[in-house]
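Chemist: Sharing a model prediction with you, sequence too.
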Amino acid sequence: QVQLVQSGGGLVQPGGSLRLSCAASGSIFTINIMGWYRQAPGEQRELVATITRDSSTNYADSVKGRFTISRDNAKNSVYLQMNSLKPEDTAVYYCNAEIRTIITPFKMENYWGQGTQVTVSS
């Protein structure tokens, strides 16, 4: 059994910063790509950023230069530092990880965190 547990988020004024964290636990053999997605009310879930095991990163154009994704492989964790936040960043943020478990080491499965609300408002 694998779980992704998120922390961070909340309410922040425009121009402010927040940091999201996500830790994977359970019967983990290895973690491939980790990432963050978000979903605003009435919208589809969209990619925010991803990071490979060797820390190659990819960002949505809307967050480039403002958000930074990082990971700690020893802690099975991924982070999202969000700076210069805008009202349009308001959404529920989800972490995601591609994981091979000890039980099924030859199968890559997709896991999601529980989601955390980020609200940018004055």
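Modeler: Arrived safely.
Chemist: any idea what the residue most central in space within the chain is structurally, helix, strand or coil?
Modeler: Most central in the chain under Cα atoms, centre = their mean is Trp36, positioned 2.7 Å from the mean C-alpha point. Put simply, Trp36 is strand when judged by DSSP: H, G, I helix; E, B strand; the rest coil.
Chemist: Let me see the contact set for the residue nearest to it when sequence neighbours are not counted.
Modeler: Here the nearest residue to Trp36 in space, its sequence neighbours aside, is Val48; by Cβ to Cβ, 6 or more residues apart in numbering that works out to 4.3 Å. Every residue, glycine included, has its C-beta placed from N, CA and C. By Cβ atoms under 8 Å, 6 or more residues apart in numbering, Val48 lies in contact with Gly35, Trp36, Tyr37, Arg38, Tyr59, Ala60, Val63, Phe67, Ile69, Leu80, Tyr93.
Chemist: before we move on, the earlier item: give the bridge partners for the residue nearest to the centre of the chain, please.
Modeler: Here Trp36 sits in beta bridges with Ala49, Cys95, going by DSSP bridges.
Chemist: Mind pulling up the pLDDT for it?
Modeler: For Trp36, the model assigns a pLDDT of 98.
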